[in-house]
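**Student:** Okay, here's the prediction I keep looking at, along with the sequence it came from:
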Amino acid sequence: PPLLTVEPVRPEKVERDSGAGDPLEIPTRREYLPIPDGSSSTSATAAPTGAGSSSNGIPRTAPTGGTSLTQPQLKQLLLDQGMSDADAHIGSAIGMAESSGNPSARSHPDLEARTGEMSIGLWQHNKNTGEDRHSFYGIKDWDELKTPETNARATMRLFQRRGGWGDWGAYTDGSYEKYL
C-alpha cells in the first residue's frame with residue numbers, strides 16, 4: 001500500500017505529570033491529514049474494518065465502516081511525531097488492537113454503558129478522564145481525534161506524559177501482542 005504522506009513537524013513543549021518541571025519537546029502540526037477515503041495516491045489502502053480487541057467479552061470498538069489504516073501506516077504516524085522506532089512498533093500494535101486501524105473507531109456502546117467511558121480514534125483516547133484533555137491534546141472538539149495525525153499527536157503526548165503505554169487497555173491486557 002502507498003505510504004501515508006505527512007508534513008514536517010515543529011516542536012512544542014509539554015510539562016510532565018511527575019512535577020519535575022522538565023518540559024518535553026513534542027512534534028506537532030498545524031494542519032492535519034484528512035481521514036483517508038481511497039481517492040488519492042496518498043490515501044490509505046482499505047483494510048477490513050472490525051472491532052478491536054475485547055474487554056471482558058465486550059468488543060472495545062464498534063464496527064463503523066470506512067477505510068482503515070494499516071499497521072505500517074500507524075507506525076509511520078507515531079514516527080512522524082518523534083517516537084522512537086521501538087516504541088512506535090509497540091504503539092502500532094496497540095493501535096491495531098484498540099481500533100483495527102479505523103480512524104473513526106469509537107468504543108463499543110455496551111462497553112461505554114458498563115464503564116461510563118467513551119474512547120475515540122486510532123488509539124482510543126478516553127473522553128471521561130476527569131481532566132481537561134482538550135487543551136492537553138490541543139483540540140477544540142473530540143471529533144478531531146478521528147483525524148489520524150491528531151490522534152497520533154495525542155497519543156505521543158499521553159505516552160510521554162505517562163512515561164509509557166500503561167494507559168492503553170490493549171497494552172495492559174496484552175491483546176496488542178498478536179500484532180507484534
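**Tutor:** Nice, I can see it.
**Student:** count of neighbours near residue 144?
**Tutor:** Residues lying near residue 144 (other Cβ atoms under 10 Å) number 19. Where you see a C-beta, it was placed from the backbone N, CA and C, and this is true even at glycine.
**Student:** Regarding it, what is its secondary structure?
**Tutor:** helix (DSSP: H, G, I helix; E, B strand; the rest coil).
**Student:** pLDDT score for it?
**Tutor:** Looking at residue 144, its pLDDT is 92.
**Student:** measure it to residue 110 for me?
**Tutor:** The gap separating residue 144 from residue 110 is 25 Å, by Cβ to Cβ, to the nearest Å.
**Student:** and if you look at residue 101?
**Tutor:** 22 Å.
**Student:** Comparing the two, which residue is more hemmed in?
**Tutor:** residue 101 (25 against 13).
**Student:** The closest residue to the more buried one other than its chain neighbours: neighbour count?
**Tutor:** Nearest non-adjacent residue to residue 101, counting by Cβ to Cβ, 6 or more residues apart in numbering: residue 68, 3.9 Å away. When neighbours are defined as other Cβ under 10 Å, residue 68 has 25 of them.
**Student:** what about residue 68, distance to residue 138?
**Tutor:** 24 Å.
**Student:** One more: residue 115?
**Tutor:** 26 Å.
**Student:** Check whether residue 117 sits in a helix, strand or coil.
**Tutor:** coil.
**Student:** Would you confirm that it contacts residue 125?
**Tutor:** No - contact criterion Cβ atoms under 8 Å: residue 117 and residue 125 do not qualify, at 10.6 Å.
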